[in-house]
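J.: Below is the sequence, then the predicted model.
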There are 2 protein chains.
Amino acid sequence: MDNFNFYSPTEFVFGKDRESACGEYVKKYGGSKVLIHYGGGSAERSGLLGRVRESLSRSGLSFTELGGVQPNPHDSLVYKGIEICRNEGVDFILAVGGGSVIDSSKAIAAGVLYDGDFWDFYSGKHVEKALPLGVILTIAAAGSEGSGDSVITKEDGMLKRGTGSDALRSRFSILNPELTQTLPAYQTACGATDIMAHVFERYFTNTKEVEITDRLCEAVLVTMVRETPRVIADPDNYEARANIMWAGMVAHNGIVGVGRSQDWNSHAIEHELSALYDCAHGAGLAVIMPSWMEYVYKHDVMRFCQMAVRVFGCQMNFEDPETTALEGIHRFRSFLHRIGMPVNFTELGAKEEDIPQLVEKLGLGSGKSQGFVPLSSEDAAAIYKIAAKAKI
Amino acid sequence: MDNFNFYSPTEFVFGKDRESACGEYVKKYGGSKVLIHYGGGSAERSGLLGRVRESLSRSGLSFTELGGVQPNPHDSLVYKGIEICRNEGVDFILAVGGGSVIDSSKAIAAGVLYDGDFWDFYSGKHVEKALPLGVILTIAAAGSEGSGDSVITKEDGMLKRGTGSDALRSRFSILNPELTQTLPAYQTACGATDIMAHVFERYFTNTKEVEITDRLCEAVLVTMVRETPRVIADPDNYEARANIMWAGMVAHNGIVGVGRSQDWNSHAIEHELSALYDCAHGAGLAVIMPSWMEYVYKHDVMRFCQMAVRVFGCQMNFEDPETTALEGIHRFRSFLHRIGMPVNFTELGAKEEDIPQLVEKLGLGSGKSQGFVPLSSEDAAAIYKIAAKAKI
């Protein structure tokens, strides 16, 4: 096991009706003037924003608002948020939404306290300080409610880039599974795919004998394999929603990935798809991840066998392990298809002829990425090609 | 899933040589005058205390020391520690040791800032504030490095009682598996048993459909089943030590127990054994836990089947599930025997004729405990009786 630090100081507030106490938590963590940051109109229509305003008022807090966060959140709204916070003396940001809203909130939180262009943080500069942040989560997916990560898209060139810092971890995150019950099946499935991807990117490692994190990864994955079809079939299933929502946090606050090398190439390869086509991140991952697996599995056949047996319940073929490895990947893709995810470029709305452009934007040039299997631009092109033509 | 809050703000600093930076972490978390609290002479002889002093000095921190913590730490040393802290203006406590040292440190940390008798906190009063605390862990067992819990024994009457508060969570905990490599096999096995017990007490629940925490529990348990015999056979196996050490934290910081009812009756029943005979807590648990399982398994045969199949690799007997449940309990006791743990009163050094005294001290009177299966004094006596005569 490699040396590591693990730090997840967020207070998680989980369960029914918990958002009604958001004012108390903002107050507990030092906020007095709050920016409520959110996405589209559904938070208003559902009554959620009303409950949030009421709770903040009840706690004697003043607030201002900025809606309009889009999936794959853009830098333009971040600049606007920074300006509002500075002009109105905001000292606490309350993100009401999913990963895009939270990531946009994190970017604003960092930008307000920084003299330069916030995009510096998405170009390699480390975030040292940020305004305190709270979260009311409305979709189980990104895990941003428990992580210090944020991904923003720069409109100029549609560049999708990330940053990470402990300073960006939220002080509290309220997770009420009921808020996810109104999500359409497609978005629910996209979220589930993202959660599983977050685990797989940690699962495929070259570090040996990390049994505890292997098993924790598998715990989240088998939960997702069991619970996702249940919520697709029955959107109001609170218990399944609850398991998925908590799994989404566990998948990405770091606990399932400590002490081991990781591989985030699928995420990077997907980011170019969602940046170019503005498709859902999870849908892009559904197309990319199994294709990436097919391309790299020979690097460590036994690890893919472990996935196949422990996560997808395959019987191990001891005479021909490769069969088991491939069967596991096949079952993963079938699972994604079953929950309504696309399996190839056509289903996603991507075009095979764009592959050179995707590869160029990925920016590997003549170098290689890092990870379980370091990838060149040629490798990335090959993975996009598998993804373009993949079938069940 | 039940509503819950989960809060584990400790920074975990894991791996080889990490204790050499303890001064930096004390400074980061605001300490200037430190009480180094530790147990016997082994921390001195091994050179660990020397490295700790050196690191504190290098960071410009002053310190005072209090050694002598015994297993099942006593109130008398806590009073002494509180006095030292007050007299010398200590503002940070650094626990160097295992669960007993950490628990004693927590009691001191709470006591220093309290006008009354610290024992009030172990008699039902909630700890609202405490001095900041850091940990350098030397044995994987109690999980106190990641929890807000503390257990102290009052010498007058040998009462063993616990308390719990977020105020008692350490600011940082340094976990270096190398420090555990010199532990005798018996202590290693006691620690492993304690870790598994912490999971089982959360695993046996009446809350339905908590798949994610079930699976996380099982992740820790299967890790312990795999890694413990490896360190018993090869004490210098760093990787196995590392897996166990991190599993010990995960087992008890709360993450595997959120959203579900729990059952801490085995711990309470054991506490009377270690209080009366001053035996190791883990050894007492090895005798009590399987006996408790045999006594209560009919309450939920399928849950015990789940343990048998998922943790101990039993084949499910679909025609007669009870057989599988019992086979799982049998394999657990065999596992404990294999790693060198006692299986009955005689091997532990306890006496069957003391059972009435043990039951009386347990203090259930004519009432019942809470948990998976609420227990009366008669139930506790029956469990002690099974434990007295248990065999492999």
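T.: All right, it came through fine.

J.: Quick check: buried residues in the host helix or strand of A:Glu44?
T.: A:Glu44 belongs to helix A:42-45 when assigned by DSSP states H and E. Neighbour-count burial for helix A:42-45, with 16 or more other Cβ atoms under 10 Å in any protein chain shown as criterion, is recorded at A:Ala43. C-betas here are computed from N, CA, C, even on glycine.

J.: For that helix, which helices and strands make contact with it?
T.: Of the remaining helices and strands, none touches helix A:42-45 by 3 or more Cβ pairs under 8 Å, 6 or more residues apart in numbering or on different chains; DSSP states H and E.

J.: Residues contacting that helix, please?
T.: Helix A:42-45 is contacted from outside by A:49-50, A:67, A:96-97, A:138, A:182, using Cβ atoms under 8 Å, 6 or more residues apart in numbering or on different chains.

J.: Dump the residues you listed to CSV, plus distance to chain B.
T.: Rendered in CSV, the data for the contacts of helix A:42-45 read as follows (distance: Cβ to the nearest Cβ, whole Å):
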residue, distance to chain B
A:Leu49, 22
A:Gly50, 21
A:Gly67, 28
A:Val96, 19
A:Gly97, 21
A:Thr138, 17
A:Thr182, 19
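
J.: can you tell me which of those are in strands?
T.: With strands identified by DSSP state E, the entries of those that belong to them are A:96-97.

J.: got the residues of the stretch 1-150 of chain A near chain B?
T.: On the criterion Cβ under 8 Å from any Cβ of the partner chain, chain B has as its neighbours in the stretch 1-150 of chain A the residues A:1-16, A:18.

J.: what do you get for the stretch 201-350 of chain A?
T.: Proximity of the stretch 201-350 of chain A to chain B (Cβ under 8 Å from any Cβ) is limited to residues A:208-213, A:215-216, A:218-220, A:222-223, A:226-227, A:239-240, A:242-243, A:246-247, A:250, A:255, A:258-259.

J.: Filter the residues you listed down to the buried ones.
T.: A:209-213, A:215-216, A:218-220, A:222-223, A:227, A:239-240, A:242-243, A:246-247, A:250, A:255, A:258-259.

J.: Stretch A:304-318: how far from the chain's middle?
T.: Taking Cα atoms, centre = their mean, to the nearest Å, one finds stretch A:304-318 lying 26 Å from the centre of the chain it belongs to.

J.: same check, this time on stretch A:292-310
T.: Taking the mean of its C-alpha atoms, stretch A:292-310 sits 23 Å from the chain's own mean (Cα atoms, centre = their mean).

J.: Please enumerate the helices of the stretch 151-300 of chain A.
T.: With DSSP state H, counting those that start in this stretch applied, the stretch 151-300 of chain A shows helices at A:185-203, A:211-233, A:238-250, A:265-277, A:281-296, listed in chain order.

J.: as a whole number, average confidence for the first one?
T.: Helix A:185-203 shows an average pLDDT of 97 in the prediction.

J.: Which other helices and strands does it contact?
T.: Under the contact criterion of 3+ Cβ pairs under 8 Å, 6+ apart, the helices and strands touching helix A:185-203 comprise helix A:211-233, helix A:238-250, helix A:265-277, helix A:281-296.
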